[in-house]
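Chemist: need the 3D shape of this:
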Amino acid sequence: MGWLQDYQPAGGLWLSAALAALPIIVLLVTLGVLRRSAHLSAALALITALLVAVLVYRMPAGLAFDSAAMGLVFGVWSVAWIAFHAVYFHNVTVATGRFDSIKAVLAGFSEDRRLQALLIAFGFGALLEGIAGGGSPIAITAAMMAALGFPPVKAVVLALLANTAPVAFGGLGNPLIVLGRLTAPILDMKQEQATELFSSMVGRQLPFLALIVPGFLIVVLAGWKRMVEVWPAVLTAGLSFAVMQFVTSNFISPSLVDVVAALAAMASLWILTRFWQPSAVWRFDGEEPVTAGASLGAAKAERGALYAWAPYIVLIAAIFLSRIGTIFKNLPPWLDLTALLHKADWVFAWPGLHKEVVQHAPITPKDTPYAATLTVDFLYSPGTVALIAAIVAGFAMGAKPGLLLATYRRTLHQMRWALATIFMILAIAFVMNYSGATQTLGLALATTGVLFPLFSAYIGWLGVFLTGSDASTNSLFGPMQVISAQQLGVDPILAGATNTSGGVMGKMISPQNLSIGATAIGQSGKEGALLRQTFLWSVVLTAAVGVISLLQATVLSFMIPGP
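Modeler: Reported below is the predicted structural model:
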């Protein structure tokens, strides 16, 4: 039968849960209290997870190390491959000089600081999150706003707050792809089906917040009265983003949500300002108005840089074509590119682990071997699509093969520690899943009863605070949330989605992102000041996600998508 999991190895649920949580506690203490690097913290947490699995849960050492190895390989393909090529695509636009042209266009959009914040922090930041993620939107938009004359610390605060709206679908939908792949066996679904359901559910939660984030941003920047003065722009940005976030997440693909929603918000703002302007231009105290000559130069840059958006069009087209079979059903075989790409998939059972671990009640109705299969979607993966789009766009922008290769090497060097962290976080998740530690935590969380959806949001929030990544928190806590929901009779799709949506709000207080923002404006050491200005908003917005989830679990259950 294989090795049987024990969900209360310490003799009681809460003591067992405390021991099961040790890897997470180690990660919290080393990262948040001792201020060690993310990769070192993850390494120590992985060692702790292995020790807990072997010494507390009495998991055979071979199975424990096998599950860690599977998690590492899963991290390489299912997470790192996507995240890396998303960043590579962005780096290609920088290396070819097109990104500078885009920055010039954004800088010349309006003299009004409120409109600049909406376009750069909210709109362009969401576009960067959708393509690259990993803190790049915070660094780039904060640096841009500081260069335009925003107070440096204020620029980072705005970038952190604006980054709440798009994080769940960041890096070409990576957080939801990871969540779908990890929980599909628990849900007894195909990975793609689970991902689509989670995408739809998140797309029925976050648009409510996307509607208010632009107004919230301007209140923090200039106050309530100044926000009301630009309400048409606030409404236009929030509504266009929210609508396209819902439509794309529910009917197209999680990989395109941020890109489409961000471009819609930016285009809507641009069109609006051709016909409407605030009654008075608002700038910081003591600032001089932009001169006519500067405005003329910005207009010239705008006209000359419109072609710079071509790379993003290439990326959208590539992802759309690769997902065409999921968007339009019953296509002729020669038109269904999605089905053709899936023909290259490789599905295999992990040797030494597949069905060697046995789950039992109350996690499963009866003793059930725990599958350990890995799907390598060579051509369908968003990472592969982003790589192809980067090469095509690179050549279209005049890049030589040598430049593309050099950019690839630089991206590897840039992301080396982030990739190492990803591998170890996924290894921790797999060790905890196969040892039974995740299931223990899930059973403990299930005792929260009717308030579980509210707690669910804060667990996701805690995960992103710890790791700085929504994909990582879905790796750590996604299976636990799904199992807890199943024990309580709550829809597991809602629970996994709430883990993702709640996690979004932890992004603005994550030590990694605070450090990225402070470094981007040359203010290293100011992380504490940034935390003080964002912490309360983070807690409040997470509570809003929890309340939305609680309502959807009860009176608004019709909003939960079905298989």
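Chemist: point out where the stretch 151-300 of the chain drops to low pLDDT.
Modeler: Where the stretch 151-300 of the chain drops to pLDDT under 70, the residues are 288-300.
Chemist: and the helices in it, which stretches?
Modeler: Per DSSP state H, counting those that start in this stretch, the stretch 151-300 of the chain carries helices over the ranges 152-162, 170-187, 191-202, 206-222, 224-229, 231-251, 257-275, 292-305.
Chemist: who's in contact with the fourth one?
Modeler: Just to be clear, that refers to helix 206-222. For helix 206-222, contacts defined as Cβ atoms under 8 Å, 6 or more residues apart in numbering pick out 113-114, 117-118, 121-122, 154, 157-158, 161-162, 164-165, 168, 226-227, 230-231, 233-234, 237-239, 241-243, 245-246, 261, 282, 501, 504, 537, 541, 544-545, 548. Using the backbone N, CA and C atoms, a C-beta is placed for each residue, glycine as well.
Chemist: that older thread, need the helices of the stretch 151-300 of the chain in JSON lines (columns: mean neighbour count).
Modeler: Below are these laid out as JSON lines (neighbours: other Cβ atoms under 10 Å):
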{"stretch": "helix 152-162", "mean neighbour count": "26"}
{"stretch": "helix 170-187", "mean neighbour count": "27"}
{"stretch": "helix 191-202", "mean neighbour count": "24"}
{"stretch": "helix 206-222", "mean neighbour count": "22"}
{"stretch": "helix 224-229", "mean neighbour count": "14"}
{"stretch": "helix 231-251", "mean neighbour count": "22"}
{"stretch": "helix 257-275", "mean neighbour count": "21"}
{"stretch": "helix 292-305", "mean neighbour count": "13"}
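Chemist: quick one: closest of these to residue 72.
Modeler: Residue 72 sits nearest to helix 170-187 of all those, at 14.0 Å, using Cβ to Cβ.
Chemist: now the angle from that closest one to helix 191-202?
Modeler: Angle of helix 170-187 versus helix 191-202, following axes from the mean of the first three to the mean of the last three Cα atoms, to 10 degrees, is 110 degrees.
Chemist: centre of the chain versus helix 170-187, how much separation?
Modeler: Relative to its parent chain, helix 170-187 has a centroid offset of 11 Å by Cα atoms, centre = their mean, to the nearest Å.
Chemist: what is it packed up against?
Modeler: Other helices and strands packing on helix 170-187, by 3 or more Cβ pairs under 8 Å, 6 or more residues apart in numbering; DSSP states H and E, are helix 81-95, helix 125-131, helix 191-202, helix 382-396, helix 470-488, helix 492-504.
Chemist: just say which of those is most tucked in.
Modeler: Mean neighbour count (mean count of other Cβ atoms under 10 Å) peaks for helix 492-504 among these, with a mean of 31.
Chemist: and residue 351, how many residues sit next to it?
Modeler: Residues near residue 351, counting by other Cβ atoms under 10 Å, number 11.
Chemist: can you pull the contacts of the closest residue to residue 180 other than its chain neighbours?
Modeler: Spatially, and ignoring its direct neighbours in sequence, residue 180 is nearest to residue 195 (2.9 Å; Cβ to Cβ, 6 or more residues apart in numbering). Applying Cβ under 8 Å, 6+ apart, we find residue 195 in contact with 173, 176, 177, 179, 180, 181, 254.
Chemist: what distance do you get for residue 195 to residue 148?
Modeler: 38 Å (Cβ to Cβ, to the nearest Å).
Chemist: same deal with residue 166?
Modeler: To residue 148, residue 166 is 21 Å away according to Cβ to Cβ.
Chemist: same deal with residue 243?
Modeler: Distance of residue 243 to residue 148, given as Cβ to Cβ: 29 Å.
Chemist: got it, and residue 138?
Modeler: Here residue 138 is placed at a distance of 16 Å from residue 148 (Cβ to Cβ).
Chemist: ok, the two, which is more surrounded?
Modeler: More crowded of residue 138 and residue 148, by other Cβ under 10 Å: residue 138, with 31 against 15.
Chemist: I figured that one hits residue 510, correct?
Modeler: No: under the criterion of Cβ atoms under 8 Å, residue 138 makes no contact with residue 510, lying 9.9 Å away.
Chemist: avg pLDDT for the helix or strand containing residue 418?
Modeler: Counting by DSSP states H and E, the element that carries residue 418 is helix 401-435. The average pLDDT for helix 401-435 rounds to 87.
Chemist: in that helix, what counts as buried?
Modeler: Residues of helix 401-435 classed as buried: 404, 407-408, 411, 414-415, 418-435 (neighbour count, 16 or more other Cβ atoms under 10 Å).
Chemist: which residues sit in contact with the closest residue to residue 314 other than its chain neighbours?
Modeler: Excluding the flanking residues, the one nearest residue 314 by Cβ to Cβ, 6+ apart is residue 393, at 4.3 Å. Applying Cβ under 8 Å, 6+ apart to residue 393 gives the contacts 89, 92, 93, 310, 311, 314, 315.
Chemist: excluding chain neighbours, what is closest to the first one?
Modeler: It refers to residue 89. Spatial nearest neighbour of residue 89, excluding adjacent residues (Cβ to Cβ, 6+ apart): residue 390 at 4.3 Å.
Chemist: where's the one you found relative to residue 177, distance?
Modeler: From residue 390 across to residue 177, the span is 19 Å (Cβ to Cβ).
Chemist: in CSV, list the C-alpha atoms belonging to stretch 40-53.
Modeler: Extracted C-alpha coordinates of stretch 40-53, given in CSV (Å, rounded to 0.1, in the frame of the first residue of the first chain):
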residue,chain,number,x,y,z
LEU,A,40,19.1,31.7,2.5
SER,A,41,15.8,31.9,4.3
ALA,A,42,14.2,29.4,1.9
ALA,A,43,17.2,27.1,2.2
LEU,A,44,16.9,27.0,6.0
ALA,A,45,13.1,26.5,5.7
LEU,A,46,13.6,23.6,3.3
ILE,A,47,16.1,21.9,5.7
THR,A,48,13.5,22.4,8.5
ALA,A,49,10.7,20.9,6.3
LEU,A,50,12.8,17.8,5.6
LEU,A,51,13.6,17.4,9.3
VAL,A,52,9.9,17.8,10.3
ALA,A,53,8.9,15.2,7.6
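Chemist: got the buried residues for it?
Modeler: Using 16+ other Cβ under 10 Å as the test for burial, stretch 40-53 gives 40, 41, 42, 43, 44, 45, 46, 48, 49, 50, 52, 53.
Chemist: distance from it to the middle of the chain?
Modeler: The answer for stretch 40-53 is 24 Å, by Cα atoms, centre = their mean.
Chemist: mean confidence (pLDDT) on it, please.
Modeler: 93.
Chemist: mind checking how far the closest residue to residue 483 other than its chain neighbours is from residue 182?
Modeler: Take residue 483 and drop its neighbours on the chain: the residue closest to it by Cβ to Cβ, 6+ apart is residue 442, 3.5 Å away. Note on residue 442: its distance to residue 182, by Cβ to Cβ, is 13 Å.
Chemist: try residue 428
Modeler: In terms of Cβ to Cβ, residue 428 sits 12 Å off from residue 182.
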